[in-house]
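Chemist: Structural data only, the sequence is not supplied:
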């Protein structure tokens, strides 16, 4: 679960019922003495969704019985991941997103816009009934000026709004139909040891698509190859871990190396999300990679490198050595990060390089300086965080540098810069120790 998710701890259903009286008839005490609801009961599940959205986000929803009832904690995970992506890669004052298959609830745009007041959405769906309810839900929450609902054709482009809009988008999001047929749904249910955790009210149009979710997201990727930088990040939720490897194979086939994989775990429910970009802004490993051992061979390359320096007895000593080394590298500018440090005893510097001047070949004049085609852009932007390792005791301190690739086309330039700086710091610490 995302660390900022309000529902990291199970809700207190008795307290919810007290604050949202319509939920009271559905709350009971289970065999452990805890208050809960029957998640197999659709009215109870709908009432819980309405309660959480009303109490925590001030949103009012009208949910039809014959369309999906969205679980709020699961949907919130996806929104928070996108919020992180936007924070790290988008500098616009106004953010524009596309929600593909918004559903009757329009849960993603409504939830996102209630959290981020500078976000705007185009929300699409192929189902007329869902479109009408989505419009109603957006209107009753006074979001008409920020969320536009469009009906698109099932046999037309999935990214129709991107094809026709004159504006660029910051991200797309999608919770695609997971299944390829009714038989696929039945097989999935059979594989679940204890059966589904909650009742599903989804209509066939929300649950089934030819080829299942893999084919659906592959179609989005195919369209994105033509649209490219019309959108910063293309993303989608996935219900099957097996879909990830198929999609990563497509990325690699088309030389798309800027992608991200994450995992959402909510109770016994596990979902994944995948994103890709044709722009140069990069994500830190905390957003782009997960530790699932089954998926390690298809994870994107690391954008965050850790270098430990046992010889540096404090972050201040290591930071001083770092500044001295950076001063000696031609063609770079260094600034202190305005973002508050995540860890105690840490500091972060932002490095911009307009050309590669540090590699051995460049220093010997054998390598023409690699300068960005757009003279206003650097060939490398990265952050360097200097911090004390928390795993060491105060009597045996060690420090580390975290190099995070922020922007650039050439991974080798980032890797060579991090390696060069680390080698120079090691030499400096060995020669001078604490006298820096």
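Modeler: Good, I have the coordinates. A quick note: this is a predicted structure, and the numbers were derived from the prediction, not measured. Numbering: from 1, shown residues only.
Chemist: Quick one: distance of stretch 285-296 to the chain centre.
Modeler: Taking the mean of its C-alpha atoms, stretch 285-296 sits 12 Å from the chain's own mean (Cα atoms, centre = their mean, to the nearest Å).
Chemist: Which residues belonging to that stretch are considered buried?
Modeler: Residues 285, 287, 288, 289, 290, 295 are the ones in stretch 285-296 that count as buried (16 or more other Cβ atoms under 10 Å). (Glycine included, C-beta is placed from N, CA and C.)
Chemist: do the same with stretch 17-35
Modeler: By 16+ other Cβ under 10 Å, the buried positions in stretch 17-35 come out as 17, 20, 23, 26, 27.
Chemist: From the residues you listed, which land in helices?
Modeler: Those of the buried residues of stretch 17-35 mapping onto helices are residue 17, per DSSP state H.
Chemist: The stretch 101-250 of the chain: strands as residue ranges?
Modeler: Applying DSSP state E, counting those that start in this stretch to the stretch 101-250 of the chain gives strands spanning 119-125, 147-151, 169-174, 231-238.
Chemist: Equivalent analysis for the stretch 251-400 of the chain, please.
Modeler: Under DSSP E, counting those that start in this stretch, the stretch 251-400 of the chain gives strands at 259-266, 269-276, 304-309, 332-336, 346-353, 380-388, 399-407.
Chemist: Enumerate the positions of the first one that are buried.
Modeler: Yep, that's strand 259-266 we're talking about. So, applying 16+ other Cβ under 10 Å, buried residues of strand 259-266: 259, 260, 261, 262, 263, 264, 266.
Chemist: Show the contacting residues for the third one.
Modeler: Think residue 261. Shown in contact with residue 261 (Cβ atoms under 8 Å, 6 or more residues apart in numbering): 244, 248, 272, 273, 274, 288, 289, 290, 295, 298, 299, 300.
Chemist: Helices of this structure, residue ranges please.
Modeler: Under DSSP H, the chain gives helices at 13-19, 42-57, 72-89, 107-115, 128-140, 160-164, 182-191, 204-207, 212-227, 242-253, 285-288, 315-327, 360-363, 411-432.
Chemist: Now the weakest link among these, please, by mean pLDDT.
Modeler: Lowest mean pLDDT within these: helix 182-191, a mean of 63.
Chemist: Which pair in the buried residues of stretch 285-296 has the greatest spatial separation?
Modeler: The most widely separated members of the buried residues of stretch 285-296, counting by Cβ to Cβ, are 287 and 295 (15.2 Å).
Chemist: Of the contacts of residue 261, just say which sits nearest to residue 75.
Modeler: Closest to residue 75, out of all of the contacts of residue 261 and judged by Cβ to Cβ, is residue 273, at 11.7 Å.
Chemist: you'd agree that closest one is up against residue 247?
Modeler: No. Shown here, residue 273 and residue 247 do not form a contact pair, counting by Cβ atoms under 8 Å, at 11.1 Å.
Chemist: and the gap between the residue nearest the centre of the chain and residue 105?
Modeler: The centre of the chain sits closest to residue 81, judged by Cα atoms, centre = their mean, with a distance of 3.4 Å. Using Cβ to Cβ, to the nearest Å, residue 81 is found at 19 Å from residue 105.
Chemist: got CSV for the strands of the stretch 101-250 of the chain, with mean neighbour count and distance to residue 204 too?
Modeler: Converted to CSV, these look like this (neighbours: other Cβ atoms under 10 Å; distance: least, Cβ to Cβ, whole Å):
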stretch, mean neighbour count, distance to residue 204
strand 119-125, 23, 14
strand 147-151, 19, 17
strand 169-174, 24, 18
strand 231-238, 24, 19
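Chemist: Same list (those) but as a markdown table, adding mean pLDDT and distance to residue 379.
Modeler: Listed next are the strands of the stretch 101-250 of the chain as a markdown table, based on pLDDT from 0 to 100; distance: least, Cβ to Cβ, whole Å:
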| stretch | mean pLDDT | distance to residue 379 |
| --- | --- | --- |
| strand 119-125 | 98 | 31 |
| strand 147-151 | 98 | 39 |
| strand 169-174 | 98 | 24 |
| strand 231-238 | 97 | 20 |
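Chemist: Tell me which of the ones you listed lies nearest to residue 304.
Modeler: Between the strands of the stretch 101-250 of the chain, strand 231-238 lies closest to residue 304; by Cβ to Cβ that is 18.2 Å.
Chemist: That closest one to helix 72-89, inter-axis angle?
Modeler: Angle, strand 231-238 to helix 72-89, by axes from the mean of the first three to the mean of the last three Cα atoms, to 10 degrees: 150 degrees.
Chemist: partner strands of strand 231-238, parallel or antiparallel?
Modeler: Applying DSSP bridges to the sheet, strand 231-238 is found paired with strand 169-174 (parallel), strand 269-276 (antiparallel).
Chemist: Show me the one of the ones you listed that comes nearest residue 62.
Modeler: strand 169-174 (22.1 Å).
Chemist: For the closest one, which outside residues touch it?
Modeler: 78, 82, 85-86, 90, 92, 95-101, 108, 122, 159, 162, 216-217, 220, 230-237, 275.
Chemist: wait, residue 127 sits on residue 153?
Modeler: No. Using Cβ under 8 Å as the test, residue 127 is too far from residue 153 to be in contact (11.3 Å).
Chemist: The two: which is more packed in?
Modeler: Per other Cβ atoms under 10 Å, whichever of residue 127 and residue 153 has more neighbours is residue 127, with 20 against 8.
Chemist: what's the spacing between the closest residue to that one other than its chain neighbours and residue 154?
Modeler: Among residues not flanking residue 127 along the chain, residue 205 sits closest, at 4.8 Å (Cβ to Cβ, 6 or more residues apart in numbering). Distance of residue 205 to residue 154, computed by Cβ to Cβ: 8 Å.
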